[in-house]
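**Student:** give me the fold of what follows.
(one chain, ligands or ions: 1)
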Amino acid sequence: VKSVDVVKAIFDRIEATDDKIGSFVSLNKEKALEAAAAVDEKIAKGEKVGALAGVPVALKDNMVSYGDPSSSCSKILEGYEGIYDATVVTKLKEADAIIIGKTNMDEFAMGSSTKTSCFKETKNPWDTTRVPGGSSGGSASAVAASQAFMALGSDTGGSIRQPASYCGIVGLKPTYGRVSRYGIMAFASSLDQIGPFTKTVKDAALTMNVIAGMDDYDSTLEDVEVPDYTEALTGDVKGMKIGVPKEYFIEGIKPEVKKVIDDAIEKYREMGAEIVDISLPHTKYAVSVYYILAPAEASSNLARFDGVRYGHRAADINGVDDLYIKSRSEGFGDEVKRRIMIGTYVLSAGFYDAYYRKAQQVRRLIKEDFEKAFEQVDMILAPTAPGVAFRLDDKKTPIELYLEDIFTISANLAGLPGISVPAGLAEGMPVGVQLIGKAFGEADILRAGDAFE
Ligand code: GLN
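**Tutor:** Numbers count the residues shown, from 1 in each chain. I've put the predicted structure just below:
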């Protein structure tokens, strides 16, 4: 098959389905067809092509790419076009992947439903009355609805793994420091990581081969060798020690979801893995810690959107303070404003010690829980989310939405890799099982995820 034909077929599919699903906020049909033709030409000439040659890829809207709309689905950046490529985009292009467009997301990646996007709602391809999850909901729905072969998302507190679980696909959040964050619009810089959505674990491994590794533009990367992740996929988990943390099976988990996870544990036991009961005692603080630290970092990162340098600038302004206040008031949505207020509050002189510093200390304890657990086990198995995709018209309060993240947030706080792999159905909707690995242990969780499929 020619790459051009594959890309044409993908755009036909998007045109036929995206009215109903709403995965994309911008498309690059012309550029994509040109890039595909270039790949076909290389092949015709017998030139070497990259590992993702001709593969149609979608990007979350918070990833900058040259000349393309990149807005984090925020009104404050509506109409902004990237003036450079994010490192992941450069790496994808070098691997001859075809970038087809940008996907819908919660504004600045704050949310679990994709409903805080300034543009539109995205629907779950399994049931269009339900959310796809979030914040990378458009990337997840695009892959689930076969509108892209692979999509990148970002995960600060679960935004790859939770939508993967809700949409019945694979989503991987790499170790903090594994994949360059250069060119992704920062939400909470100490937590953000980019990772793939795919239909199979093997495709996730192939993507990791391309996007992982050092980059001069991100000093938080660690110089750890990038293995060939596909070589880890032996199909065998015999002797692997899988920890099951008791704290992940009590609070708020739906019984039907618990059943799917219990069956997954049984399946691993039958495949020869050793299941070990463990404890991560500080789990109960994770949501609180996250909702102090992530807004704190966000309030600082979002200070750059001031109506001067990028995006929306208010009209009829009276002096510079008025310019900032009006541009930001008009440009940011409610959830983003809520986070900026929380973040500013916990960082303010009178409250820093009580909130921000305390949260940092508890973050350390959460990290140490994992370090202790990994003295006993190779990886940890848990649910990805406490329920299945909820309804679009479900009016959840902010706190109810924050509790959605209860099982995913700890991996971000500890900087560890996590993967969600489809494990079964509850209420007719997909449920993912989550595997959390040691730092830079992506190969282990990919191997176990692949053996499970
Ligand atoms: N749902 C979480 C939040 O709203 C996580 C978002 C994310 O991972 N980007 O902050």
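
**Student:** need the residues of this protein near the ligand, please.
**Tutor:** For the chain, the residues in contact with the ligand (CB under 6 Å from any ligand atom) are 109-112, 135, 155-159, 187, 294, 405. Where you see a C-beta, it was placed from the backbone N, CA and C, and this is true even at glycine.

**Student:** and these, which of them are in helices?
**Tutor:** Residues of those located in helices (DSSP state H): residue 294.

**Student:** what is the burial count for the residue lying closest to residue 241 once chain neighbours are set aside?
**Tutor:** Closest residue to residue 241 apart from its sequence neighbours, by CB to CB, 6 or more residues apart in numbering: residue 377 at 4.3 Å. For residue 377, the count of nearby residues is 20 (other CB atoms under 10 Å).

**Student:** contacting residues around residue 377?
**Tutor:** 241, 242, 243, 276, 278 (CB atoms under 8 Å, 6 or more residues apart in numbering).

**Student:** do residue 299 as well
**Tutor:** Applying CB under 8 Å, 6+ apart, we find residue 299 in contact with 339, 340, 341, 342, 343, 344, 347.

**Student:** now intersect these with the helices, please.
**Tutor:** Those of the contacts of residue 299 mapping onto helices are 339, 340, 341, 342, 343, 344, 347, per DSSP H.

**Student:** can you tell me how far the residue nearest to residue 241 sits from residue 418?
**Tutor:** Distance, residue 377 to residue 418, using CB to CB, to the nearest Å: 14 Å.

**Student:** likewise residue 57?
**Tutor:** Counting by CB to CB, the separation of residue 57 from residue 418 is 22 Å.

**Student:** ditto for residue 52
**Tutor:** According to CB to CB, residue 52 and residue 418 sit 23 Å apart.

**Student:** now the end-to-end length of stretch 243-254.
**Tutor:** 21 Å (CA to CA, to the nearest Å).

**Student:** now swap in stretch 400-417 and tell me
**Tutor:** End-to-end distance for stretch 400-417: 25 Å, by CA to CA.

**Student:** go on, stretch 94-103?
**Tutor:** In stretch 94-103, first residue to last residue: 21 Å (CA to CA).

**Student:** for the stretch 101-250 of the chain, which segments count as strands?
**Tutor:** 150-155, 170-173, 193-198, 241-245 (DSSP state E, counting those that start in this stretch).

**Student:** quick check: buried residues in the first one?
**Tutor:** In this case it means strand 150-155. Buried positions in strand 150-155, judged by neighbour count with 16 or more other CB atoms under 10 Å: 150, 151, 152, 153, 154, 155.

**Student:** of those, closest to residue 359?
**Tutor:** Residue 359 lies nearest to residue 155 out of the buried residues of strand 150-155, by CB to CB, at 19.4 Å.

**Student:** count of neighbours near the nearest residue to the closest one once chain neighbours are set aside?
**Tutor:** Spatial nearest neighbour of residue 155, excluding adjacent residues (CB to CB, 6+ apart): residue 173 at 3.9 Å. When counting by other CB under 10 Å, one arrives at 34 neighbours for residue 173.

**Student:** these two touch, right, residue 173 and residue 411?
**Tutor:** Yes - applying CB atoms under 8 Å, one finds residue 173 in contact with residue 411, separated by 6.6 Å.

**Student:** helices or strands up against the helix or strand harbouring residue 448?
**Tutor:** Assessed by DSSP states H and E, residue 448 sits inside helix 442-452. Judged by 3 or more CB pairs under 8 Å, 6 or more residues apart in numbering; DSSP states H and E, helix 442-452 is in contact with strand 170-173, helix 201-211, helix 255-270, strand 379-383, strand 418-426, strand 429-437.

**Student:** for stretch 391-411, which residues meet the burial criterion?
**Tutor:** Buried, per 16+ other CB under 10 Å, within stretch 391-411: 392, 396, 401, 402, 404, 405, 406, 407, 408, 409, 410, 411.

**Student:** list just the nearest of those residues to the ligand.
**Tutor:** Within the buried residues of stretch 391-411, the smallest distance to the ligand is 4.7 Å, found for residue 405 (CB to the nearest ligand atom).

**Student:** how close does residue 134 sit to residue 159?
**Tutor:** 6 Å.

**Student:** and the nearest residue to residue 89 once chain neighbours are set aside, what pLDDT?
**Tutor:** The shortest distance from residue 89 to any non-neighbouring residue, by CB to CB, 6+ apart, is to residue 65 (4.7 Å). Residue 65 carries a pLDDT value of 98.

**Student:** re earlier: quick one: which of residue 134 and residue 159 has more around it?
**Tutor:** Neighbours were counted for residue 134 and for residue 159 using other CB under 10 Å; residue 159 has more, 36 against 30.

**Student:** for the residue most central in space within the chain, phi and psi?
**Tutor:** Geometric centre of the chain, nearest residue: residue 160, 2.7 Å, by CA atoms, centre = their mean. With angles defined as degrees, to the nearest 10, residue 160 sits at phi -100, psi -50.

**Student:** I figured it hits residue 198, correct?
**Tutor:** No - in this structure residue 160 lies outside contact range of residue 198 using CB under 8 Å: 10.9 Å.

**Student:** run the chain-centre distance for the helix or strand bottoming out on mean pLDDT in the chain.
**Tutor:** The weakest-scoring helix or strand in the chain, judged by mean pLDDT, DSSP states H and E, is helix 398-403 (a mean of 90). When distances are taken as CA atoms, centre = their mean, to the nearest Å, helix 398-403 is centred 18 Å away from the chain's centroid.
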